[in-house]
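**Q** what's the 3D shape of this:
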Amino acid sequence: MELAIFGNTMKDIPIARLPSQKEPSLLGSFTIRDIEKLLAKTDMVQELHRHDFYFLLVLQKGIGEHIIDFKPYEVSDGSIFFMRPGQVHQLTLKTGSSGFVVQFTPDFYLPKDQKSLMLLNRASSKNHCHINPLDFEPMNKVLSQIFQEYTGKKEGYEKVIMAYMDIFFVNLLRHQKSASLIPNRHEQEGLESFLHLLETHYSTHKRVSDYANMLHLSLYQLNAITKSALGKTCSEIIVDRIVLEAKRYLLATSNQIKEIAFQLGYEDVSYFVRFFKRQTGHSPESFRQLFT
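**A** Now for the predicted structure:
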């Protein structure tokens, strides 16, 4: 698979990036690859790394294991994996697997229609989905059409790819049993704004009131949005994000506990240790020993 992996020290989680300007006529960067051809001679074994692009793995036949943010998934027939930029994963795919891998940077998928962007956000909110063979075939045909457009590069192929991507996301949402394909626009925009701010500020802003103020919302309004969309309070989402990043540092780097605490915005190491143990049932050190 054509990726560039960057990482200078043991303290880095390597970042995979798409080759720059691989397709200058496309908006941003986009690739689609035939899995069967990629694995024609050897298994795919990717060590732990994170992406700065969206990663969509759609397997008609699949054998292997996929670990996303330290949660293991068995790779099987009809598996669909969708990852957002920034997520950490480790992938093993055995020869004999078939399907497609689609990779695209955030600046590729910039539809003028806000509803299409909502589809992307909601479709990528779940990392794993299993589709039965009868329902999988129409989705595989959509990707086959995208692959043909990508390799054929006929006039207007970029627009055709974008249209097929929308169709794929709608079908994926249906199989994820989403309550609504297009949620309340105000709530969705509020949720996306909150999640974007959280990604930027989780190490420095840990109170719900901080985000409510930045979004010009009341605490009640912000909690209502997250509760409705994700079934969690804003505070729970903040805590989940901090704990996830702590796990990434603990399992993917050799950083000392005090370094990790500082990187996550905790000057009091003992407080960070108590916080982590309260959320996971393990101290940071025992968590690292248990899972490495």
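**Q** the stretch 51-200 of the chain: helices as residue ranges?
**A** 114-123, 133-152, 157-175, 185-201 (DSSP state H, counting those that start in this stretch).
**Q** flag the shaky bits of the stretch 1-150 of the chain, pLDDT-wise.
**A** For the stretch 1-150 of the chain, the stretches flagged by pLDDT under 70 are 1-28, 110-116.
**Q** ok, Ile167 - contacts?
**A** Val142 (Cβ atoms under 8 Å, 6 or more residues apart in numbering). All C-beta spots, glycine's among them, are computed from the backbone N, C-alpha and C.
**Q** returning to what we had before: make TSV from the helices of the stretch 51-200 of the chain and add distance to Phe81 to it.
**A** Shown next, in TSV, are those (distance: least, Cβ to Cβ, whole Å):
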stretch	distance to Phe81
helix 114-123	12
helix 133-152	13
helix 157-175	11
helix 185-201	20
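**Q** out of those helices, which comes closest to Phe108?
**A** Of all these, it is helix 157-175 that lies closest to Phe108, at 8.9 Å by Cβ to Cβ.
**Q** same question for that closest one, mean pLDDT?
**A** Mean pLDDT, computed over helix 157-175, is 90.
**Q** restrict that helix to CA atoms and write it as PDB.
**A** Below are the C-alpha coordinates for helix 157-175, written out as PDB (Å, rounded to 0.1, in the frame of the first residue of the first chain):
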ATOM      1  CA  TYR A 157     -14.300  11.500 -13.200                       C
ATOM      2  CA  GLU A 158     -13.700  13.500 -10.000                       C
ATOM      3  CA  LYS A 159     -17.400  14.500  -9.800                       C
ATOM      4  CA  VAL A 160     -18.500  11.000 -10.500                       C
ATOM      5  CA  ILE A 161     -16.300   9.700  -7.700                       C
ATOM      6  CA  MET A 162     -17.700  12.300  -5.300                       C
ATOM      7  CA  ALA A 163     -21.300  11.200  -6.200                       C
ATOM      8  CA  TYR A 164     -20.500   7.500  -5.700                       C
ATOM      9  CA  MET A 165     -18.900   8.300  -2.300                       C
ATOM     10  CA  ASP A 166     -22.100  10.000  -1.200                       C
ATOM     11  CA  ILE A 167     -24.100   6.900  -2.200                       C
ATOM     12  CA  PHE A 168     -21.700   4.600  -0.300                       C
ATOM     13  CA  PHE A 169     -21.900   6.700   2.800                       C
ATOM     14  CA  VAL A 170     -25.700   6.600   2.700                       C
ATOM     15  CA  ASN A 171     -25.700   2.800   2.400                       C
ATOM     16  CA  LEU A 172     -23.200   2.400   5.200                       C
ATOM     17  CA  LEU A 173     -25.300   4.600   7.500                       C
ATOM     18  CA  ARG A 174     -28.300   2.400   6.800                       C
ATOM     19  CA  HIS A 175     -26.400  -0.700   7.800                       C
END
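**Q** adjust the sequence numbering to begin at 605 for everything that follows.
**A** Okay, residue one is now 605; in that scheme the one you just asked about reads as helix 761-779.
**Q** pLDDT weak spots in the stretch 755-896 of the chain?
**A** Using pLDDT under 70, the flagged stretches of the stretch 755-896 of the chain are 781-789, 896.
**Q** now Thr808, what's its secondary structure?
**A** At Thr808, secondary structure determined by DSSP: H, G, I helix; E, B strand; the rest coil is coil.
**Q** ok, Val847 next?
**A** helix.
**Q** who's in contact with it?
**A** Contacts of Val847 by Cβ under 8 Å, 6+ apart are 880, 883-884.
**Q** now neighbour count too, for these, in a markdown table please.
**A** Below are the contacts of Val847 laid out as a markdown table (neighbours: other Cβ atoms under 10 Å):
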| residue | neighbour count |
| --- | --- |
| Phe880 | 25 |
| Gln883 | 14 |
| Thr884 | 15 |
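**Q** just give me the neighbour total for Asn827.
**A** 19 (other Cβ atoms under 10 Å).
**Q** residues contacting it?
**A** Counting by Cβ under 8 Å, 6+ apart, Asn827 has contacts 812, 837-838.
**Q** from the chain's centroid, how far away is the helix or strand that contains it?
**A** Asn827 belongs to helix 823-834 when assigned by DSSP states H and E. Taking the mean of its C-alpha atoms, helix 823-834 sits 22 Å from the chain's own mean (Cα atoms, centre = their mean, to the nearest Å).
**Q** list the buried residues in that helix.
**A** Within helix 823-834, the residues that count as buried by 16 or more other Cβ atoms under 10 Å are 823, 826-830, 833.
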